[in-house]
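Trainee: Sequence first, then the predicted structure:
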Amino acid sequence: MHLTVLDAPTEWSRFTEGSIERRMLLALGDRLGVSLRPKPLMLPDNSRVEVEGIDAAGRVLAQLVSNQGGYKPAYRNKVMADMFKLLWLRDSVPTAERAVLLVTEVIVQALGGWVARAAADLGIEVYVFDGSTVVTPGGRT
């Protein structure tokens with residue numbers, strides 16, 4: 001199945017000015033050297049799904065886990081759901097080459113053990129937003 005990238009109603013969709021999601025996408029774009037914006041995608045049955053970040057060429061797909069505050073075990077489910085979505089999108093968007101998961105520092109706990117190994121084995125790049133920049137897990141730039 002192939003998904004078609006559509007134009008978003010606005011450049012930033014639901015990510016308001018100053019929001020954590022917008023700051024995360026800008027920092028990730030700086031890190032990867034591409035401009036990332038949220039976009040809706042159309043499925044063959046005319047239903048839609050949104051990717052939280054995609055570059056103009058459709059090569060880089062990004063999902064964000066932007067939770068802040070104290071860690072909750074349910075965040076691990078969000079991480080795994082976004083990993084699953086990224087895999088599906090990477091296989092369904094004809095131009096997609098990279099799947100990137102960007103999480104806040106509090107979410108790093110959800111990436112322990114087999115979840116981190118699964119992401120690596122499945123080719124999902126994982127980065128951490130430290131509040132201003134994007135680093136690799138463990139704090140390496």
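Mentor: Nice, I can see it. Just so it is clear, the structure is predicted and the values come from calculations on it, not from any experiment.
Trainee: Contact partners for L41?
Mentor: 3-6, 48-51, 89, 92-93 (CB atoms under 8 Å, 6 or more residues apart in numbering). Quick note: C-beta positions are derived from backbone N, CA and C, even for glycine.
Trainee: hmm, try it at 7 Å
Mentor: When contacts are counted by CB atoms under 7 Å, 6 or more residues apart in numbering, L41 touches 3-6, 48-49, 51, 93.
Trainee: Where does pLDDT dip in the protein?
Mentor: Residue ranges of the chain with pLDDT under 70: 138-141.
Trainee: what's the residue most central in space within it in contact with, if anything?
Mentor: Centrality entry for the chain: nearest residue to the mean C-alpha point is Q63, 1.6 Å, by CA atoms, centre = their mean. Going by CB under 7 Å, 6+ apart, Q63 touches 52, 82, 85-86, 101.
Trainee: Report the secondary structure state of the residue of the chain most remote from its centre.
Mentor: Using CA atoms, centre = their mean, the residue of the chain lying farthest from its centre is D45. It sits 24.1 Å away. Secondary structure state of D45, per DSSP: H, G, I helix; E, B strand; the rest coil, is coil.
Trainee: From K78, how far off is it?
Mentor: D45 is 26 Å from K78, where distance means CB to CB, to the nearest Å.
Trainee: of the contacts of L41, closest to L32?
Mentor: The shortest approach to L32 among these belongs to V51, at 14.7 Å (CB to CB).
Trainee: pretty sure the closest one is touching L64, no?
Mentor: No - with contacts counted by CB atoms under 7 Å, V51 stays clear of L64, the gap being 10.3 Å.
Trainee: Appreciated, that's everything.
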